[in-house]
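Asker: Show me how the following folds:
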Amino acid sequence: MAVTIDDIKKLKELTGIGLTDAKAALVEADGDFDKALQALRKKGLTKAEKKGDREAREGIIDSYVHGGRIGVLVEVNCETDFVARVEGFKTFAHEIALQVAAMAPTYVSEADIPAKELKRVRDEAKEKALEDGKKADFVDKIVEGQVKKYFDEKVLLNQTYIKNEKQTVNDFLKENVAILGENLVIRQFKRIELGVSE
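Answerer: You can find the predicted model right below:
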């Protein structure tokens, strides 16, 4: 498959790498755009994980109001005030606000789940599995599966990203870390729905 200049430009835009690197990735993938993009994402995610330890204290607070009925505030941090002003970072923060509005998560990450709540959900799942007559050997696996499923819907980073069902919000976060070249942290959010109190 031939490598076209349009594919090189498109790959550069999607990943934030230079034209030479984009061309090299396409050559390596025999001109297969999707294969090249996947390979670059894997490399980018590896770099993103290394950046995850760096402190992120700059950033922005973004807001989104949907139809006057749902309002969201999110704090998203990066490492430098330069990146905080970059359009790609602002877009990322806004996408997170849209996600929170649409999917109503309760926690940012699994680390935010109170131990008491985790125990409650685990105990309920275990009780149900035993009531359903599941074999003792399988109860722990069933409980872990139920707990994971329950919290995947409540934890923002574990949710399926609303604009790409093949990605979690955490995958989307890492992709943006790779593109922007800095550690990014979704620090907190607040979601208000008309007529609904916590």
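
Asker: Let me know whether V83 touches V177 as I believe.
Answerer: No: using CB atoms under 8 Å as the test, V83 is too far from V177 to be in contact (10.5 Å). (Each C-beta comes from the backbone N, C-alpha and C, glycine too.)

Asker: okay, now A25: neighbour count?
Answerer: Residues near A25, counting by other CB atoms under 10 Å, number 24.

Asker: quick one: contacts for the residue nearest the centre of the chain?
Answerer: With distances taken as CA atoms, centre = their mean, the residue of the chain nearest its centroid is V169 (1.9 Å). Residues counted as contacts of V169 (CB atoms under 8 Å, 6 or more residues apart in numbering) are 96, 99, 156-161, 186.

Asker: do K126 as well
Answerer: 139, 143.

Asker: Please apply the same query to E127.
Answerer: No contacts exist for E127 under CB under 8 Å, 6+ apart.

Asker: do F172 as well
Answerer: 95, 161, 164.

Asker: Please point out which parts of the helix or strand that contains it sit buried.
Answerer: Here F172, judged by DSSP states H and E, is contained in helix 169-180. Using 16 or more other CB atoms under 10 Å as the test for burial, helix 169-180 gives 169-180.

Asker: pLDDT-wise, which helix or strand of this protein ranks last?
Answerer: helix 33-51 (a mean of 64; mean pLDDT, DSSP states H and E).

Asker: Pull up the pairing partners for the following helix or strand past that one, direction included.
Answerer: The C-terminal neighbour of helix 33-51 among helices and strands, as given by DSSP H and E, is strand 58-66. Strand 58-66 pairs in its sheet with strand 70-78 (antiparallel), by DSSP bridges.

Asker: For the chain, give me the ranges with low pLDDT.
Answerer: 1, 11-19, 40-54, 198 (pLDDT under 70).

Asker: what separates the residue nearest to the centre of the chain from A102, distance-wise?
Answerer: Per CB to CB, to the nearest Å, V169 is found 11 Å from A102.

Asker: How about Q146?
Answerer: Following CB to CB, the distance that separates Q146 from A102 is 24 Å.

Asker: From the recorded domain assignment, give the ranges for the protein.
Answerer: The chain breaks down by automatic domain parsing into domains covering 5-51, 58-108+155-193, 114-154.

Asker: for the shortest one, how far is the first residue from the last?
Answerer: Spelled out, that is domain 114-154. End-to-end distance for domain 114-154, by CA to CA, to the nearest Å: 13 Å.

Asker: How about the longest one?
Answerer: Between the opening and closing residues of domain 58-108+155-193 lies a distance of 28 Å (CA to CA).

Asker: helix, strand or coil for V83?
Answerer: Of the three states, V83 takes helix under DSSP: H, G, I helix; E, B strand; the rest coil.
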